[in-house]
Structure formats: C-alpha cells, structure tokens
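Enquirer: can you look at this prediction? I've put the sequence above it.
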Amino acid sequence: MEIEITPGCRYFPEFLNKTSQRLLLDHLKKALHEAPLFYPTMPGTGKVFSVRMSNMGEIGWVSDKEDGYRYQDTHPKTKKSWPQMPDLLHELWQELTGFTPQPEACLINYYNASARMGLHQDADERHLQAPIMSISLGDKARFRLGGLKRQDPTRTLILSSGDILILEPPLRMAYHGIDRIVPGSSRLLNEGGRFNLTMRRITPGP
Ligand code: MD6
Ligand code: FE
C-alpha cells in the first residue's frame, strides 16, 4: 500500500515483510562488522550525537567537531572503504523511486531507547532533486515531518519495522526528525532499539 502523506512524501507501511526485514538485517549486521557504528559529533561544539551511525555504499555521511558534516569514502575510525550496499537495496530503490542515477550512499542510524534526532534538513548532498528513501527496522519511532521552513507546522508519523518513506521534490528539503523511539515495540532486534537506513544520491551523476 502506498500513501501520499503530502506531495513529496510517500509512505509505504510495512512494505517489507518479516522475512525481508530479517534478510536486510543480516546484510546490515555483516556491514556493521566491517564498518562499526560510531558516534558522530557536532561541528564546532563537538557535542556527541545520541544516534550511532555507519554507512554502506561508495560514500558515507560523517560529522565531527573539526570538519563538520560531509560525505567521504572511508570510515572515520577504521579508515577503510565502506561496505557495499546490498543488491536488495538497489532493487527497492528502483522499484519505489524509479529514479536514475542510482543511490551512492546508505546512511545507517541506530537509536537506543534514549536516542533522538533533532529537526533537520538533509542538505549535504549535491544532487538535491534525487529522492531520499528511508527504511525502518526494529522499534517504532515518532517521526516528525515539517515543511521547507523550520517554523512550518509539523505532523507526526509513527514509523514501524519494515516501513519505507520517501522524501522527494517538492518536499525533498523538508525539515524532519525523530522525537523518540518506542522501546520494546518490536522483536526484530535482539538488542532492541531501531535501525533506520537512508539511501541517497550525492553527486549529479550521468
Ligand atoms: C530516521 N530519518 O528515520 C531519520 N532523512 O531515523 C531521516 O533523517 C530522513 O527519514 C531524509 C529522508 C528521510 C528520512
Ligand atoms: Fe534526514
């Protein structure tokens, strides 16, 4: 089922069934073995994010006190290339966005019971017309979606395991964030918490 929340925000509740969720989680666990979760820090202040992150793909999103938000082709701790994005993710992108060029980055966010993500725009990509596709695994989360201006009114969507959400023009640059997760609301992850994967095109490409 596809729901248009508002033009530029498409929502596919439980698009992935339990079997697909487990398959994706297996890929994710292998990737995190190669590229462990790290705590990004805020540019300037060095304040530590409550969300832990890693990436799959040719490039990955990182942030630290010294150099700020950016995409780079290596893990900040291991200095190795990011693990490949599984074919399954490329296939989902093709099926749901139909967008060319293909995504180059898949940011992995992990939330424990107290993690949250403040209202933000995804603005570090050079390709700002490409959709961003988000996949949730594990505990439910309160996702806040606003408009193009920080002061615009917001609405709350509860994102559950297997849900897919797409932000694309005219809402590609909408403010959004995670108020909190709902601990214990899913049994997918043994350790509890929530993973969110966001697939992105960074460079304009062919
Ligand atoms: C999350 N999602 O669901 C955070 N960004 O944990 C995002 O920040 C996000 O869901 C861009 C597009 C879709 C998203
Ligand atoms: Fe975002």
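Expert: Cool, got the structure. Note that the structure is a prediction, hence the values are computed from the model and not measured. Ligands and ions are numbered 1, 2, ... in the order given.
Enquirer: interface residues of this protein facing ligand 1?
Expert: Listed as neighbours of ligand 1 in the chain under the rule CB under 6 Å from any ligand atom: 109, 117, 122, 132, 134, 143, 165, 167, 176, 178, 196, 198. Every C-beta, even on glycine, is put in place using the N, C-alpha and C of the backbone.
Enquirer: would a markdown table of those with secondary structure and pLDDT be doable?
Expert: As requested, the residues of the chain next to ligand 1 are exported to a markdown table (DSSP: H, G, I helix; E, B strand; the rest coil; pLDDT from 0 to 100):
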| residue | secondary structure | pLDDT |
| --- | --- | --- |
| 109 | strand | 98 |
| 117 | strand | 98 |
| 122 | coil | 96 |
| 132 | strand | 98 |
| 134 | strand | 98 |
| 143 | strand | 98 |
| 165 | strand | 98 |
| 167 | strand | 98 |
| 176 | strand | 98 |
| 178 | strand | 98 |
| 196 | strand | 98 |
| 198 | strand | 98 |
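Enquirer: mind listing what residue 80 touches?
Expert: By CB atoms under 8 Å, 6 or more residues apart in numbering, residue 80 lies in contact with 34, 35, 74.
Enquirer: still on that earlier bit, reformat the residues of the chain next to ligand 1 as JSON lines; add distance to residue 70 and neighbour count.
Expert: JSON lines is the format used below for the residues of the chain next to ligand 1 (distance: CB to CB, whole Å; neighbours: other CB atoms under 10 Å):
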{"residue": "109", "distance to residue 70": "17", "neighbour count": "23"}
{"residue": "117", "distance to residue 70": "18", "neighbour count": "19"}
{"residue": "122", "distance to residue 70": "13", "neighbour count": "18"}
{"residue": "132", "distance to residue 70": "17", "neighbour count": "20"}
{"residue": "134", "distance to residue 70": "20", "neighbour count": "21"}
{"residue": "143", "distance to residue 70": "25", "neighbour count": "22"}
{"residue": "165", "distance to residue 70": "24", "neighbour count": "24"}
{"residue": "167", "distance to residue 70": "20", "neighbour count": "21"}
{"residue": "176", "distance to residue 70": "20", "neighbour count": "23"}
{"residue": "178", "distance to residue 70": "22", "neighbour count": "22"}
{"residue": "196", "distance to residue 70": "20", "neighbour count": "24"}
{"residue": "198", "distance to residue 70": "16", "neighbour count": "19"}
